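J.: Give me coordinates for this.
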Amino acid sequence: MRDHELPDGMPDFFTAAITFAGINLMWIFFVIWVMYGMVPVLVLAVLINHFITRLEIRLNSQKA
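T.: So this is what the prediction gives:
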C-alpha cells in the first residue's frame, strides 16, 4: 500500500493506522455490547463491512 510518489525516507503508517482502528473498534463494540446487547454490535459490524466493500469496489473501479 506504499504510495510510489512519496520520498524514500518517509515512513508508511498504513499498518499502524489499521491496527489503531481495529483496537478502537474493539472497545467501541464492547461498550455497545454492554449497553445494548449483541444484536446492535452485529448490525454495526455488517454496516461497516458493507461500507468497506463499497469503498473497495469504488477504489478498484477508479484504478481501471
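J.: tell me what the biggest helix by length in the chain is packed against?
T.: Counting by DSSP state H, the longest helix found in the chain is helix 38-63. For helix 38-63, the elements it packs on are helix 14-36, judged by 3 or more CB pairs under 8 Å, 6 or more residues apart in numbering; DSSP states H and E. C-beta coordinates here come from the backbone N, C-alpha and C atoms, glycine included.
J.: mean confidence for the helix it packs on?
T.: Helix 14-36 shows a mean pLDDT of 95.
J.: which of the residues in it are buried?
T.: Residues 29, 32 are the ones in helix 14-36 that count as buried (16 or more other CB atoms under 10 Å).
J.: got the angle between that helix and helix 38-63?
T.: Computed by axes from the mean of the first three to the mean of the last three CA atoms, to 10 degrees, the angle separating helix 14-36 from helix 38-63 equals 150 degrees.
J.: what's helix 14-36 packed up against?
T.: Partner elements for helix 14-36 (3+ CB pairs under 8 Å, 6+ apart): helix 38-63.
J.: which of the residues in the helix it packs on are buried?
T.: So for helix 38-63, counting by 16+ other CB under 10 Å, buried means 41, 44.
J.: Now do that helix: distance to the chain's middle.
T.: 9 Å (CA atoms, centre = their mean, to the nearest Å).
J.: Stretch 10-29 too?
T.: For stretch 10-29 - counting by CA atoms, centre = their mean - the centre lies 8 Å from the chain centre.
J.: for stretch 52-64, same thing?
T.: Per CA atoms, centre = their mean, the centroid offset for stretch 52-64 relative to its chain is 14 Å.
J.: Appreciated, that's everything.
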